[in-house]
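# Take a look and give me a structure for this.
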Amino acid sequence: MRSLLPPFALAALLVAAGCTGSPPPNAEGNADGSSIVLADAEEPRTLNPLLGYGRDGFSKIYDGLVEHRADRSLQPRLATELPEPAPDGLSWTVRLRDDVKFTDGSAFGPEDVVATYRALLDPAKGATERAAFAGLTGVEQLDTRTVRFTLDKPWAAFPHLLVLGVLPSEVLGAPLAEVPPIGTGPYKLQDWRKGERMVLEANPAHFGGEPKIRKLTVVFVPDDNTRAQRMQAGDFDGAVLPPRLAQSFAGAGGMRVITHRSADLRAVTMPASGQVTGDPAIRLALNHALDRAGLVENLLGGKGSPAGTPIPDAMPEFVDPEASLRHDEAHAEHVLEQAGWARGADGTRSRDGVPARFTLMYPTGDVVRTDLATAFVAEAKAVGIDVQLAGLSWEAIEPRLGQDALLHGGGTPVDPDLSAYRALHSGNPWGYSDAAVDAALDAGRTLLDPAQRAAAYKQFQRAYAANPGMVVLAAVQHTYVVRDNWNGYQEVVDPHGHGALSWGPWWNLEKWTPK
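Predicted coordinates:
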């Protein structure tokens, strides 16, 4: 949808509205706080956890065996205690609760866990999440309350993946695209008008108790400016908004502007197949050409932190501050000259008749990515690299990931393996490969000792800084506007995936109560 007002006009409108001291009424007009209407930028393609729904947990409809808490710790959910590793690290055993039912009334048990994970592993099922569980070789039921997962090698981060929603075994005979969204979670699906909205209703039999907010409506509005305008008009009780639009609500009566730290790293991918993006000198030069602190201050309004390597500061125990890619434009120029990229009359460099030019894709309607992509173009031009922008839909972006650069987002605050391995180990979508990077990532994955793992990820960052595979820009903070009608908000450090149906302010919505 096209924006109805330019950003500067929208900001003025929102400031003026904030000065009245009288916010719009509750989105559904009810006085008891039993319903809430939230706006999100992205609509899920599916509600099946095996096809990617709720991969980071807090999916509202499903529970996993474990869950992450606000302090980044792992806690049991459908399990009675945390997964227990075998001495050799090649299996993990999980004890299960016996007081849980699915929303169709059937009892939850180990057969459901086994069926869910075997469907995940079965190539014939086509589970898109199978790649994330590449080290998992099997799952079996040990007794009426216990299951065991087996791995091809030790995998320290494996328990974090057990946030995957569990489905009833009875429904998994159908093709995954036809499996109904039946889970054990605090909410169940009432209605889904694709392209418009989704309505969830409280699960009265949830083992954690029936939520006080009994109806959750999520409206899908991809355009950031349109979402902000509709929030101001009273259509929503909360919305995910980029920082400069969210701050326009500061001071508005009855509203809260919430900012979350995150492990959501924004980076420019550099496909190895490209004559320009695949050249290590181009990648290294762009990393040094970039003024990350300036991007955070000027484009994000300070709502973020500069980041040069793929381990975000949300995991400080794994960060190596010495493995930095400092801003040094002169050094960037030197790297390019040494590699034979010479400036032409128009200022653009070339080598052997090939101009230093490539395309950078970004999703349309995303204000933050648009701003970062535009700034990246200017920084690259300063050292003689011509970057052409292409604002596209995700459907148009995905087939081109191996050929064109992307303003990428990704990351989690719970474990560095989940942030870095699939993005930068050999076999990643961009074709980047480095033996020292692979060795450090493999060590970090297989070591179970926390101190040894921390050392491995610091070694990974040093190896990566010598031969970066992408241009990491910053860890962006997430901003939200929330109507202040409920108690229960608890701050959390977000992963990349966040919003009305996942993390963000509403990660623990089932615990909220009306004021």
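# Now the closest residue to residue 118 other than its chain neighbours: phi and psi?
What sits nearest to residue 118 in space, not counting adjacent residues and going by CB to CB, 6 or more residues apart in numbering, is residue 139, at 6.3 Å. For every residue, glycine as well, the C-beta is placed using N, CA and C. Per-residue torsions, residue 139: phi -140, psi 140 (degrees, to the nearest 10).
# Surely residue 139 and residue 112 touch.
No: look at residue 139 against residue 112 with CB atoms under 8 Å: they stay out of range, at 11.3 Å.
# Name the residue in these two with the higher neighbour count.
A count of neighbours by other CB atoms under 10 Å puts residue 112 above the other of residue 139 and residue 112, at 24 against 21.
# Please identify which helix or strand holds the more buried one.
If you go by DSSP states H and E, residue 112 is part of helix 110-121.
# So what touches that helix?
Residues from elsewhere that reach helix 110-121 (CB atoms under 8 Å, 6 or more residues apart in numbering): 49-50, 65, 78, 94, 96, 102, 125, 127, 129-130, 133, 136-147, 149, 164-169, 172, 176.
# and that helix, how far out from the chain's middle?
When distances are taken as CA atoms, centre = their mean, to the nearest Å, helix 110-121 is centred 25 Å away from the chain's centroid.
# any idea of the pLDDT on the residue nearest to residue 118?
Here, the pLDDT recorded for residue 139 equals 98.
# what's the answer for residue 359, then?
At residue 359, pLDDT is 98.
# So for the helix or strand harbouring residue 330, mean pLDDT?
Per DSSP H and E, residue 330 falls inside helix 329-338. Averaged across helix 329-338, pLDDT comes to 98.
# what comes up buried for it?
Neighbour counts over helix 329-338 (16 or more other CB atoms under 10 Å) mark 331, 332, 333, 335, 336 as buried.
# packing partners for it?
With contacts defined as 3 or more CB pairs under 8 Å, 6 or more residues apart in numbering; DSSP states H and E, helix 329-338 has these neighbours: helix 280-289.
# For the next helix or strand after the helix it packs on, buried residues please.
Note on helix 280-289: by DSSP H and E, the next helix or strand toward the C-terminus is helix 292-298. By neighbour count with 16+ other CB under 10 Å, helix 292-298 contains the buried residues 292, 295, 296.
# export the residues you listed to a markdown table and tack on distance to residue 327 and pLDDT?
Converted to a markdown table, the buried residues of helix 292-298 look like this (distance: CB to CB, whole Å; pLDDT from 0 to 100):
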| residue | distance to residue 327 | pLDDT |
| --- | --- | --- |
| 292 | 7 | 97 |
| 295 | 10 | 93 |
| 296 | 12 | 94 |
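# ok, these vs residue 185, which is closest?
Closest approach to residue 185 among the buried residues of helix 292-298 (CB to CB): residue 296, at 36.0 Å.
# pretty sure the closest one contacts residue 302?
Yes: taking contacts as CB under 8 Å, residue 296 lies within contact range of residue 302: 6.4 Å.
# what number of residues lie near the closest residue to residue 338 other than its chain neighbours?
Leaving aside its sequence neighbours, residue 338 sits nearest to residue 281 (CB to CB, 6+ apart; 7.3 Å). Using other CB under 10 Å, the number of residues around residue 281 comes to 17.
# now residue 281: how far from residue 462?
Separation of residue 281 from residue 462 (CB to CB, to the nearest Å): 19 Å.
# ends of stretch 88-105, how far apart?
End-to-end distance of stretch 88-105 (CA to CA, to the nearest Å): 39 Å.
# next one: that stretch to chain centre, how far?
26 Å.
# Same question for stretch 234-249.
Relative to its chain's centre, stretch 234-249 lies at 19 Å (CA atoms, centre = their mean).
# for stretch 96-114, same thing?
In terms of CA atoms, centre = their mean, the centre of stretch 96-114 is set 28 Å apart from its chain centre.
# helix or strand for the residue nearest to residue 446 when sequence neighbours are not counted, which one?
Leaving out its chain neighbours, the residue that sits closest to residue 446 by CB to CB, 6+ apart is residue 154, at 4.6 Å. Under the criterion DSSP H and E, no helix or strand holds residue 154.
# Next: residue 231.
In this structure, residue 231 sits in helix 224-232 according to DSSP H and E.
# Report the mean per-residue pLDDT for that helix.
pLDDT averaged over helix 224-232 gives 95.
# pLDDT score assigned to residue 18?
You'll see residue 18 listed with a pLDDT of 43.
# now residue 10
The model's pLDDT for residue 10 equals 46.
# check contacts around the residue nearest to residue 118.
Per CB under 8 Å, 6+ apart, neighbours of residue 139: 113, 114, 117, 118, 121, 147, 148, 149, 150.
# Quick one: find the helix or strand in this structure with the lowest mean pLDDT.
When each helix and strand of the chain is scored by mean pLDDT, DSSP states H and E, helix 7-18 comes last, with a mean of 43.
# Could you give the separation of stretch 344-352 from the chain centroid?
38 Å.
# Going by neighbour count, list what's buried in that stretch.
By 16+ other CB under 10 Å, the buried positions in stretch 344-352 come out as 349, 350, 351.
# how long is it end to end?
12 Å.
# got the contact list for that stretch?
Contacts to stretch 344-352, defined as CB under 8 Å, 6+ apart, come from residues 336, 339-343, 355-357, 381, 383-386.
# Residue 371 belongs to a strand, doesn't it?
No: per DSSP: H, G, I helix; E, B strand; the rest coil, residue 371 lies outside any strand segment and is helix.
# Return the residue spatially closest to it, with its sequence-adjacent residues excluded.
In space, residue 371 is closest to residue 299, 4.7 Å off (CB to CB, 6+ apart).
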